[in-house]
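K.L.:
Generate coordinates for the sequence data below:
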Amino acid sequence: MTNDINNHDLFISSLENDSIIFPNEKIIPWINERRKECYTKIGFKELDDLKDWEFQRERYSLSHKSGRFFSIEGISVQTSWGFIQHWDQPIINQPEIGILGLLAKKFNNIVHFLVQAKIEPGNINIVQISPTLQATKSNYSRVHGGSSPKYLEFFRGRKDNKVIIDQLHSEQGSRFLQKRNRNIIVAIEENEIINLDKNFIWLTLGQLKKLLEKDNVINMDTRSIISCINFDGSYEKNLKIIENKKFLKNQNYFMAVSALNTSININNFSVLTSWLTEMKSDFDLKIYQKSLKDLKLWHFQSGKLERKDKKYFSVIGVNVLIENREVISWDQPMIKPSEDGVIIFLVTKFKGIYHFLAQAKLEAGNLDKFEIGPTIQCKQSQYENKEYDDTIPFLKLLRKAKKKDYLFDSFQSEEGGRFFQEINRHIIVEIDKNEIDFMPKEFIWISLNQLLSLNKYNNHLNISSRSLLSIIRYS
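P.N.:
So this is what the prediction gives:
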């Protein structure tokens, strides 16, 4: 028995929507039990009163007294792109590269992934399914004085494991300043016995994708990792699998074929890379540090930092008590959104292959100006208000879609360690590309296989694109 897991094995796992190792019927009860067993209390505190946090130089920035973890800083943004080309905002500066890791192992010749029921202070429903390991460098270096995260040893120092995926990817570019995480999947031997903690279970990729049809069950970090999985190099073998299984030729079947097919595309890779390179070359993005107390249109009010018009988000303080963490009680600042968001991919079939209408998305914290984002990233109020139809490309076209055109529609939480109860509605809608009479230069059609291939490279797809990719089912 070996830990030799290949792309074909990963594809088979994506088709397995249930498992005798941990059946679907047990998953939600298990999550509910984990929630009941662990006492959690989240309270609000004024930013000035956060234990172990302090303002530097008369509210220039807010940072942890250890100098680690993260800080809240002010920036002034100048760009030559878009309708708004200058603004001020607070942003999270967390220069450490964290680890988001999944352990993979075959059971009955099917790849399963070790996931945990993890409590985060910002989670909308307290407990969500997280990766095997989800830790910043400060966490796993034990700056907090607590215990080491479970199963850390499989991702640091062991030489006998096979690394399946190992990529650096960005977090939310509008909230983090050039923040990246290491997304890694490590395979272990089939005969290796792991002492399984009660907060951890083994699930197939298909089970994880099926759970993504439910609201706020799979956390952002798990979604980021599984978005990195691709099936390159096994087209004929994998196609034979889905043909032999005699799947209904529905949207899942066509998504599977589209994930595998490398030969049918509207734009080849040279066109795609040239398009993104041109966007990065033609437009400027300059970031200047600025004191939090001097941010234009922002002010400190009632112990938090917020915009005077209450838009976008605020910076709040919380006190956290969670029993099953490495440290059970602490204070920290968090980002609290003003409203829910909506992220949307419009898709079309070209010669039977799904293509996604992607945009080059500029955000203040991006490492290299632009990343590939969904067709639409907006607030719920903008999505619902026809007044924005002429300012948000393709929003008017989306309104013509019928219920049957919605391939996917659910609510998924943002990362609960830094964001307080932030949710984005995830939507994938099928359209006829011939309905588009004008294509702005920042938009382009990319096949599903091309998107998965581009996601193998650092800093190409933003977190919203990756999250939407993760929800696509193949069976």
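
K.L.:
Grab the nearest non-local neighbour of Lys433.
P.N.:
Thr348 (4.1 Å; C-beta to C-beta, 6 or more residues apart in numbering). In this view, the C-beta of every residue, glycine as well, is placed from N, C-alpha and C.

K.L.:
these two touch, right, the one you found and Thr375?
P.N.:
No: counting by C-beta atoms under 8 Å, Thr348 does not reach Thr375; the two are 10.9 Å apart.

K.L.:
which of these two has more neighbours?
P.N.:
A direct count of neighbours by other C-beta atoms under 10 Å for Thr348 and Thr375 places Thr375 higher, at 26 against 19.

K.L.:
On the pLDDT front, check that one for me.
P.N.:
Listed pLDDT for Thr375 reads 98.

K.L.:
Got the phi and psi for it?
P.N.:
phi -60, psi -40 (degrees, to the nearest 10).

K.L.:
which residues does it contact?
P.N.:
Residues near Thr375 by C-beta atoms under 8 Å, 6 or more residues apart in numbering: 344-346, 356-359, 393-394, 443.

K.L.:
of the residues you listed, closest to Arg175?
P.N.:
Nearest to Arg175 among these: Gln359, at 18.8 Å, using C-beta to C-beta.

K.L.:
Could you measure from the residue nearest to His460 when sequence neighbours are not counted over to Ser447?
P.N.:
Nearest residue to His460 in three dimensions, chain neighbours excluded: Leu454, at 4.7 Å (C-beta to C-beta, 6+ apart). From Leu454 over to Ser447 the distance is 10 Å, taken as C-beta to C-beta, to the nearest Å.

K.L.:
Repeat that for Asn123.
P.N.:
34 Å.

K.L.:
if we can go back for a sec, just the pLDDT at the residue nearest to His460, thanks.
P.N.:
Predicted confidence (pLDDT) for Leu454: 96.

K.L.:
ok, it touching Glu371?
P.N.:
No: assessed by C-beta under 8 Å, Leu454 is found out of contact with Glu371, at 10.2 Å.

K.L.:
Compare the two and say which is more crowded by neighbours.
P.N.:
Higher neighbour count among Leu454 and Glu371: Glu371, with 26 against 19, using other C-beta under 10 Å.

K.L.:
Now that one: phi and psi?
P.N.:
phi -130, psi 160.

K.L.:
same deal with Tyr235?
P.N.:
With angles defined as degrees, to the nearest 10, Tyr235 sits at phi -60, psi -60.

K.L.:
so what's it scoring on pLDDT?
P.N.:
For Tyr235, pLDDT reads 81.

K.L.:
How about it, nearest residue that isn't a chain neighbour?
P.N.:
The spatial neighbour of Tyr235 that comes closest, neighbours along the chain excluded (C-beta to C-beta, 6+ apart), is Leu260 at 4.8 Å.

K.L.:
ok, the one you found to Phe11 distance?
P.N.:
8 Å.

K.L.:
shared neighbours, these two?
P.N.:
Joint contacts of Leu260 and Phe11 (C-beta under 8 Å, 6+ apart) are 231, 234, 238.

K.L.:
follow-up on the earlier one: now, the contacts of Thr375 that are in strands?
P.N.:
In this view, the contacts of Thr375 that belong to strands under DSSP state E are 344-346, 356-359, 443.

K.L.:
nearest to Tyr151, of those residues?
P.N.:
Comparing the ones in strands among the contacts of Thr375 against Tyr151 with C-beta to C-beta places Phe345 closest, at 33.3 Å.

K.L.:
quick one: common contacting residues for Thr348 and Thr375?
P.N.:
With C-beta under 8 Å, 6+ apart, Thr348 and Thr375 have common neighbours Leu357.

K.L.:
Convert the C-alpha atoms of stretch 338-350 to CSV, please.
P.N.:
C-alpha atoms of stretch 338-350 as CSV (Å, rounded to 0.1, in the frame of the first residue of the first chain):
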residue,chain,number,x,y,z
SER,A,338,-22.3,46.3,6.6
GLU,A,339,-24.3,43.8,4.6
ASP,A,340,-24.1,40.4,2.8
GLY,A,341,-22.4,40.2,-0.5
VAL,A,342,-23.1,38.4,-3.8
ILE,A,343,-20.6,36.6,-6.0
ILE,A,344,-21.7,35.4,-9.4
PHE,A,345,-20.3,33.4,-12.3
LEU,A,346,-22.2,33.6,-15.6
VAL,A,347,-21.5,30.5,-17.6
THR,A,348,-22.2,29.4,-21.2
LYS,A,349,-21.8,26.2,-23.2
PHE,A,350,-19.4,26.4,-26.1
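
K.L.:
to the chain's geometric centre, what's the distance from it?
P.N.:
14 Å (C-alpha atoms, centre = their mean, to the nearest Å).

K.L.:
could you check the distance from Arg473 over to Met439?
P.N.:
On the measure of C-beta to C-beta, Arg473 and Met439 end up 28 Å apart.

K.L.:
Compare the two and say which one has the larger neighbour count.
P.N.:
Arg473 (20 against 13).

K.L.:
which residues sit in contact with the more buried one?
P.N.:
206, 209-210, 212-213, 252, 255.

K.L.:
Kindly check the end-to-end length of stretch 455-473 for me.
P.N.:
17 Å (C-alpha to C-alpha, to the nearest Å).

K.L.:
Pull out the buried positions in it.
P.N.:
455, 459-473 (16 or more other C-beta atoms under 10 Å).

K.L.:
Nearest to Leu407, out of those: which one, please.
P.N.:
For those, the nearest to Leu407 is Ile472 (8.6 Å; C-beta to C-beta).

K.L.:
quick check, that closest one in a helix?
P.N.:
No: per DSSP: H, G, I helix; E, B strand; the rest coil, Ile472 lies outside any helix segment and is coil.

K.L.:
Would you confirm that it contacts Asn449?
P.N.:
No: using C-beta under 8 Å, Ile472 is not in contact with Asn449, being 11.8 Å away.

K.L.:
Which residue ranges of this structure form helices?
P.N.:
For the chain, helices defined by DSSP state H occupy the ranges 7-15, 24-37, 137-140, 205-211, 220-227, 235-244, 251-260, 269-282, 380-384, 395-398, 448-454, 463-470.

K.L.:
I'd like the mean pLDDT over the last one, please.
P.N.:
In other words, helix 463-470. Across helix 463-470, pLDDT averages out at 98.

K.L.:
Quick one: end-to-end distance for stretch 199-211.
P.N.:
Stretch 199-211 has an end-to-end distance of 17 Å (C-alpha to C-alpha).

K.L.:
pLDDT below threshold where in the chain?
P.N.:
By pLDDT under 70, the weakly predicted segments of the chain are 1-3, 138-146, 157-159, 324-326.

K.L.:
which one of the ones in strands among the contacts of Thr375 is nearest Leu168?
P.N.:
Nearest member of the ones in strands among the contacts of Thr375 to Leu168, counting by C-beta to C-beta, is Ala358, at 20.2 Å.
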